[in-house]
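S.K.: this is the structure alone, sequence omitted:
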């Protein structure tokens with residue numbers, strides 16, 4: 001509560017929330033760049049591995065795929081980011097739920113330069 005009140009009183013800009021599917025290097029690098037440039041902040045990371053559940057990475061907890069929609073609603077997420085060939089693949093029902101919530105599922109190529117990935121995210125942030 002104090003953090004929220006402090007932000008309101010200081011009139012600071014709170015970057016929008018995004019969720020990353022997976023925790024491999026491309027996700028970490030993009031997340032780091034988004035946070036450093038104050039473009040977005042991670043609400044969560046999605047990973048299927050039980051040993052990483054609720055571990056904290058970049059200030060956000062790792063959650064199971066079945067928690068994605070609830071996390072999107074809770075944090076008013078704008079974009080869910082995933083890299084081709086990495087991590088869990090959302091099924092048609094999950095994609096439909098994201099679409100209903102006006103949340104973009106952005107799939108990026110891990111071979112693209114970080115600047116290209118950042119540009120893709122920036123273009124979708126409100």
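M.R.: Here it is on my side, so go on. If you're wondering where the values come from, they're calculated on a predicted model, not measured in any experiment. Numbering: from 1, shown residues only.
S.K.: for the residue nearest the centre of the chain, list each beta-bridge partner.
M.R.: For the chain, residue 19 is the residue whose C-alpha lies nearest the centre (C-alpha atoms, centre = their mean; 1.8 Å). Beta bridges link residue 19 to residue 44, residue 80 when assigned by DSSP bridges.
S.K.: where do the helices sit along the protein?
M.R.: 2-10, 25-36, 68-75, 92-100, 114-124 (DSSP state H).
S.K.: looking at these, which is nearest to residue 55?
M.R.: Closest to residue 55 of the helices of the chain, according to C-beta to C-beta: helix 25-36, at 12.8 Å. For every residue, glycine as well, the C-beta is placed using N, CA and C.
S.K.: do you know the pLDDT at the residue nearest to the centre of the chain?
M.R.: The model reports residue 19 with a pLDDT of 98.
S.K.: that one and residue 81 touch, don't they?
M.R.: Yes. With contact defined as C-beta atoms under 8 Å, residue 19 reaches residue 81; the gap is 7.1 Å.
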